[in-house]
Structures are given as C-alpha cells and as structure tokens.
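> heads up, no residue letters with this:
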C-alpha cells in the first residue's frame, strides 16, 4: 500500500507555486544566456580595439563561448539527474552570473576568452533545464502555452541581441553587454530558490544514481567530440576549411570521437545521453525538425545583416534593428501558437508552419535586391519568421508523447543540443555556399562584361563621360569607370547568390511539410474523445 501511495504521489505531483511564476522565473536567466550567443557579435571591433588585438583574434570571444556551451548541452540531462535539477540549474545561473561579471572586468583578451569559456559552461545547462522544468510543471494539455514562453527566450533573444549589443556598446561600453547579466541572474537565483522544486520522480532517480558508477568514457568522448565539431564549424570558413591542417585534424577527430561515442552510449547500461530514446518516432522526428529550425533561424539571422552591411552599406546597429522586427513578431505569435496547440492538433499547426516558413523564405528571396530599402528588409524579416513559432512549439510538445516522465531531462537536453548544432551547421554551410556562389555568379557575369558587348561598352563610356564632365582627366575617368563597373559586378553577383541560397532554404523547408504526418498527436485531456492513433500518456 505504501509503495502504491508513493507511485500515485509521483504521478499526480504538481508544484506548490503558481506554474506561470515558475515559468517566468526559469525564463529570465535562459533569456540572458541565449542573448549572449549573439549580443557580443556587434561589439567585436570595440573589444579588439580595447586590447590591441586583430579581428580574427577577437572572434575567439564568440568561439570559446559556443564550444564550451555545446559541450555542456548534451551532458546537462545526466548532470541534472545525478545532482538534482534545481541544484544544477542554480549552479549554472551562479556560474553564468559570476563569469559574466568577470568578463566585464577582463584586463586582456586572454582573460576575456577564459571567462567566456566559464560563461558558456554555466549557460549550457540553462536551456535544457528550463524546458524540463516546464514539462514537469505543466500538464500535457497546457505545455503548448508553457513552451511559448520558453520559445520567447530561445528564439527571440538571438534576434534582438545585435540591436541591444550595439546600443549598449555605442552609449556605454562593450563591457556592459556582460554586466547586464548580473542583476537578472541574481533575481533569477532568488526566485528559483523560492518557487522551483524537484518533482518526486526526479528525487527517486537521483537516489538511484547516487553512488553509482559514472560513464567517464562517454563523458570524455562527447565533450571532446562536440568541442572539436564546434571548432570546425566556427573556424572552417575563416581557415579555408580542409585547406587548413587545424580544421582537417579537428574534423577527423570529431568524426572518430562522435562515432565511437554513439556506439559506446548505445550499448552502455547507464549512458550519459540515452540515444535509444530516438527509437520513439515522435522524439526522433522532433529532433530532426529542431535541427532544421536551427539551420533556418540562425542561418537567416546571419545572412540578412551580412546582406545589409556588405551590399547596402547599412551600419551594424541598423541591420540589427531589421532583425529585431522579426524577434518582436515571434514574441507576439508565441502565445497565440501556444493556445492553438492547446486546442487543435499540433501536427496540423506544424504543417502550416512549414508551408508559411517556405513562403516567407521565398518572399525574402524575391526582395533581396541592391535597391531594397530598410522598410522592405524589415518586413521581409517579419514575414520570414511568421511560420517558425508554428514549428517550434508543436515539435516541443510532440517530442514528449509516450516518453516516461523520468526521461524529461534527456528529452530537453537532446532537443536543445540538436537545435544549437543545427544553427552552427546552418551558419557554416550557408556562409560557405554563399562565398562559392558569389564566385560562380561573378564568373558568369564577367563573361558578358567585354568590349564586344554594346551594353557594357555603353555603360563604361557613359560613366567615363560623366566623370570627365566633373573635371576628372580622361585617363583617370576611364580607370574609375572600370572600378565602378567591377563594384557593380560584385554587387549584382552577391545579390543573386543571396537570393539563390534563400531559395534553396525555401524548397528544403517545403519538402519537410509532409514528414509531419508520421508523428503521433499527444493524448487529449480527460473527457475528450480519443482517436485510434492517439497514444496513451506515459507521464
């Protein structure tokens, strides 16, 4: 009887505090952590100038954070289960706050990079911990609304990071992009200690694992493998990919370590990451969708500012403002989608999300021209992101279908890890394809720029005549005319390359829409009619 009562207590447990207060509490620190993945980008020239470093050296401020963050993500579930999720979460917040403060005080670039490594370690556990906390705090029928708040942190923060970072850097100092994390983290720590609690099932799992053996080999393999992979993705384009011995060696090392890790974890009785959960159809599909979402969201978040800054001459802050419009659009749509998922089939919402995202990318491709103004690009970004909440929230909800409650930490850890890796791969892949596509387009257009082409000859002579009319000598006028034609060639080739890349993304996303049909919908709340394909709740 006592065992049955304990089991019933685990199954019916609900937190003592208001669930929405818990959701707000755990979102605070997570929002600041995700913000830090993009807020420092715009301050790199100022950081390099402060320490007398080169631009390439200053990029380690970004790479060090991403590498350490990526290493912690896949292991966070095991750490949360072994040491207690609340304790682990508060430790991550404390480390994130302390390292942020020391980042602001850093006297040298080396010290800043070391502090950023620690900051990434602390921040790596926040996203999966928040998602697991929300999963346990809210019943299945309300998770869509809860994940909407979570989505505001992990999807909106990267979009507004460049704008906020530019404003702080211009009006105060680059050091304030780190200082602002401290008060928010302190508030989050206090509120977490008051309202967040570990559910009974997690305490049981913690007791089972206490004193047990640690999968040190799995921990070492995933840490080194993910670190090497992140290094390849972050530095590949800069180092000319496999033309660099560093990148080639890191890539080979990453493949060997990660393949070995997968084999090891699959057969280990108590793995760091439970890869066998991928046997669940919904979870495996959700992981794949999150990977694609990361590629689209983070890839376009990098492409649009590049387009505005390199081709149209906008300052970085203005380019960030164009992204902010999309961020606020998602902020408005997230709660709406949360309500939709609560009352309707999440699979249908996701199908509509893929269609809308594909159409948004197509619209974006048609408007990326060198004559586009800020207003046009602002609304291009708004339209492009409208479908993403319809993918993000339903995929999170569906990933927990038929998964035992004690596996919530593993689910959230793997979902966040694949989204971040998808983002890194998307940025690296799109940048590489962009550079090579520009070269192809430039070669194609340059073949038409010869004196035998009357249009080219007419433009060239028209430019030279215009310059001569302003007092430039005929020799200099012709030289400057050739330089302007070369600039025009580069602009046109680059614009076409950007359009083609976004078009490829539109087609790829459209092809994913039918894949939604292989997922099972979550069980309906008690009292609702059940369809034959519904799966009984596992938690």
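Yep, that arrived. This structure is a prediction, so every number in the text was calculated from the model and none was measured.

> State the distance from residue 310 to residue 500.
Relative to residue 500, residue 310 is positioned 16 Å away (C-beta to C-beta, to the nearest Å). Placement of C-beta: from N, CA and C, glycine included.

> Between those two, which has more neighbouring residues?
Using other C-beta atoms under 10 Å as the criterion, residue 310 and residue 500 rank with residue 500 on top: 17 against 14.

> right, and the more buried one touches residue 437 too?
Yes. Applying C-beta atoms under 8 Å, one finds residue 500 in contact with residue 437, separated by 6.0 Å.

> tally of neighbours for residue 476?
Residue 476 is flanked by 12 other residues according to other C-beta under 10 Å.

> so where does it fall, helix or strand?
According to DSSP states H and E, residue 476 maps onto helix 474-512.

> Show me the shaky parts of the chain.
Counting by pLDDT under 70, the chain has low-confidence residues at 1-13, 55-56, 159, 205-213, 316, 447-453, 456-458, 460, 468, 523-539.

> who's in contact with residue 150?
When contacts are counted by C-beta atoms under 8 Å, 6 or more residues apart in numbering, residue 150 touches 23, 27, 30, 130, 131, 134, 396.

> let's go with 6 Å and repeat that
By C-beta atoms under 6 Å, 6 or more residues apart in numbering, the residues touching residue 150 are 131, 134.

> what about it, which helix or strand?
Going by DSSP H and E, residue 150 is part of helix 143-151.

> tell me which residues in the helix or strand just after that helix are buried?
Note on helix 143-151: by DSSP H and E, the next helix or strand toward the C-terminus is helix 157-171. For helix 157-171, burial by neighbour count (16 or more other C-beta atoms under 10 Å) applies to 157-169.

> Which secondary structure state is assigned to residue 401?
Classification of residue 401 by DSSP: H, G, I helix; E, B strand; the rest coil places it in coil.

> That one is in contact with residue 522, isn't it?
Yes. Applying C-beta atoms under 6 Å, one finds residue 401 in contact with residue 522, separated by 5.0 Å.

> Looking at the buried residues of helix 157-171, spot the one nearest residue 366.
residue 159 (21.7 Å; C-beta to C-beta).

> What's the local residue count around residue 124?
Counted with other C-beta under 10 Å, residues neighbouring residue 124 total 29.

> How about the contacts made by it?
Neighbouring residues of residue 124 by C-beta under 6 Å, 6+ apart: 69, 72, 73.

> Relative to residue 146, how far out is it?
With C-beta to C-beta as the criterion, residue 124 and residue 146 are 22 Å apart.

> Same question for residue 225.
For residue 225, the distance to residue 146 (C-beta to C-beta) stands at 32 Å.

> who's more crowded, the two?
residue 146 (27 against 22).

> didn't that one look like it was pressed against residue 134?
Yes. Here residue 146 reaches residue 134: they are 4.4 Å apart, a contact under C-beta under 6 Å.

> so what's in contact with those two at the same time?
residue 23.

> I'd like the distance between residue 241 and residue 430.
For residue 241 relative to residue 430 (C-beta to C-beta), the value is 14 Å.

> These two: who's more crowded?
Using other C-beta under 10 Å as the criterion, residue 241 and residue 430 rank with residue 430 on top: 25 against 15.

> Tell me if I'm right that that one and residue 298 touch.
No. The criterion here is C-beta under 6 Å, and residue 430 misses it with residue 298 at 9.2 Å.

> Please tell me how far residue 239 sits from residue 496.
Residue 239 is 27 Å from residue 496, where distance means C-beta to C-beta.

> nope, residue 350 is what I meant
Distance, residue 350 to residue 496, using C-beta to C-beta: 32 Å.

> Compare neighbour counts for these two and give me the winner.
The residue with more neighbours, out of residue 350 and residue 496, is residue 350; 29 against 19, by other C-beta under 10 Å.

> so which strand or helix has the more buried one?
helix 346-367.

> centre of the chain versus that helix, how much separation?
A distance of 18 Å separates the centroid of the chain from that of helix 346-367, by C-alpha atoms, centre = their mean, to the nearest Å.

> Tell me the first helix or strand C-terminal of that helix.
Downstream of helix 346-367, the first helix or strand assigned by DSSP H and E is helix 374-385.

> Show me what that next one packs onto, helices and strands only.
helix 316-343, helix 346-367 (3 or more C-beta pairs under 6 Å, 6 or more residues apart in numbering; DSSP states H and E).

> Now distance to residue 376 too, for those helices, in TSV please.
Output for the helices and strands packed on helix 374-385, formatted as TSV (distance: least, C-beta to C-beta, whole Å):
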stretch	distance to residue 376
helix 316-343	10
helix 346-367	6
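
> what residues are up against the nearest residue to residue 46 once chain neighbours are set aside?
Distances taken as C-beta to C-beta, 6 or more residues apart in numbering put residue 174 closest to residue 46, at 4.4 Å, once the chain neighbours are dropped. By C-beta under 6 Å, 6+ apart, the contact list for residue 174 reads 43, 46, 47.

> Pull out the buried residues from the host helix or strand of the second one.
What it means is residue 46. Assigned by DSSP H and E, residue 46 belongs to helix 44-51. Under the neighbour-count criterion of 16+ other C-beta under 10 Å, helix 44-51 has 44, 46, 47, 48, 50, 51 buried.

> relative orientation of that helix and helix 157-171 in degrees?
Going by axes from the mean of the first three to the mean of the last three C-alpha atoms, to 10 degrees, helix 44-51 is angled at 40 degrees with respect to helix 157-171.

> and which of the buried residues of helix 157-171 is nearest residue 327?
residue 159 (3.1 Å).

> one step back: could you dump the contacts of residue 174 to CSV with distance to residue 341?
Below are the contacts of residue 174 laid out as CSV (distance: C-beta to C-beta, whole Å):
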residue, distance to residue 341
43, 37
46, 42
47, 41
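
> Identify, from those residues, the entry nearest to residue 414.
residue 43 (31.9 Å).

> what's the neighbour count on that closest one?
Neighbours of residue 43 (other C-beta under 10 Å): 25.

> switch to numbering from 592
Will do, 592 is the new start, and the previous item becomes residue 634.

> so who does it touch?
Per C-beta under 6 Å, 6+ apart, neighbours of residue 634: 756, 760, 765, 768.

> Quick check: the two most widely separated of those residues?
Distances among the contacts of residue 634 were taken as C-beta to C-beta; the most separated pair is 756 and 765, at 8.2 Å.

> can you pull the contacts of residue 916?
969, 972, 973.

> Looks like the last one contacts residue 920 (just checking).
It stands for residue 973. Yes. Applying C-beta under 6 Å, one finds residue 973 in contact with residue 920, separated by 4.9 Å.

> Report the secondary structure state of residue 903.
Residue 903 ends up coil, using three-state DSSP.

> quick one, phi/psi of it?
The phi/psi pair for residue 903 (degrees, to the nearest 10) reads phi -100, psi -10.

> Hmm, residue 624 is touching residue 716, no?
No. The criterion here is C-beta under 6 Å, and residue 624 misses it with residue 716 at 9.2 Å.

> Could you double-check that residue 922 sits in contact with residue 745?
No. Contact between residue 922 and residue 745 fails when scored by C-beta under 6 Å: they sit 12.0 Å apart.

> the more surrounded of these two?
residue 745 (26 against 18).

> The more buried one - nearest residue in space that isn't next to it in sequence?
residue 625 (5.2 Å).

> what's near enough to touch the one you found?
744, 745, 748.

> gap between the second one and residue 1017?
In this case it means residue 745. Distance, residue 745 to residue 1017, using C-beta to C-beta: 15 Å.
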